[in-house]
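Colleague: Give me the fold of what follows.
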Amino acid sequence: MKILELQDDQGRLHAFEVKCFSRIFARRRVQAISGARLRSFSWFREVFCEFEIEGVRFHMWYPWNDSSRYWIGADPPGWVPQLEVVRRTFERARNFGGYVWLSAVHGSS
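Modeller: Residues are numbered from 1 along each chain as shown. Predicted coordinates:
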């Protein structure tokens, strides 16, 4: 799975894009985050998943409904330390032959 990090002018992660996965996979990744609370999920909206971690709201959206990437970041946009936890959760997932598995990586990598 390819992750494209988006950094602010100070070099901090403020969002990331993930290529080639489904909306159901995205929801499952959010549910795998300790302490995350899924707020909304939709099959049809451009902003299709909203969730919260430690009081910080996040959303995932599918830009222009024709991109091959999903954008994931805080709402409102900007750097928050919880975003690194979200990114690591997606990073640890691997896609093999259409199936997504968790890699053997544990903890903070």
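
Colleague: tell me the pLDDT at the closest residue to V30 other than its chain neighbours?
Modeller: Once flanking residues are discounted, V30 sits nearest to F51: 4.9 Å by C-beta to C-beta, 6 or more residues apart in numbering. Bear in mind the C-beta positions are built from the backbone N, C-alpha and C, glycine included. pLDDT recorded at F51 is 98.

Colleague: Only the buried residues of the helix or strand containing F51, if you could.
Modeller: Using DSSP states H and E, F51 maps to strand 47-53. By 16 or more other C-beta atoms under 10 Å, the buried positions in strand 47-53 come out as 48-53.

Colleague: In its sheet, which strands sit next to it, and in what direction?
Modeller: Sheet partners assigned to strand 47-53 using DSSP bridges are listed as strand 36-41 (antiparallel), strand 56-61 (antiparallel).

Colleague: what distance separates the first one from the centre of its chain?
Modeller: Between the centre of strand 36-41 and the centre of its chain there are 12 Å (C-alpha atoms, centre = their mean, to the nearest Å).
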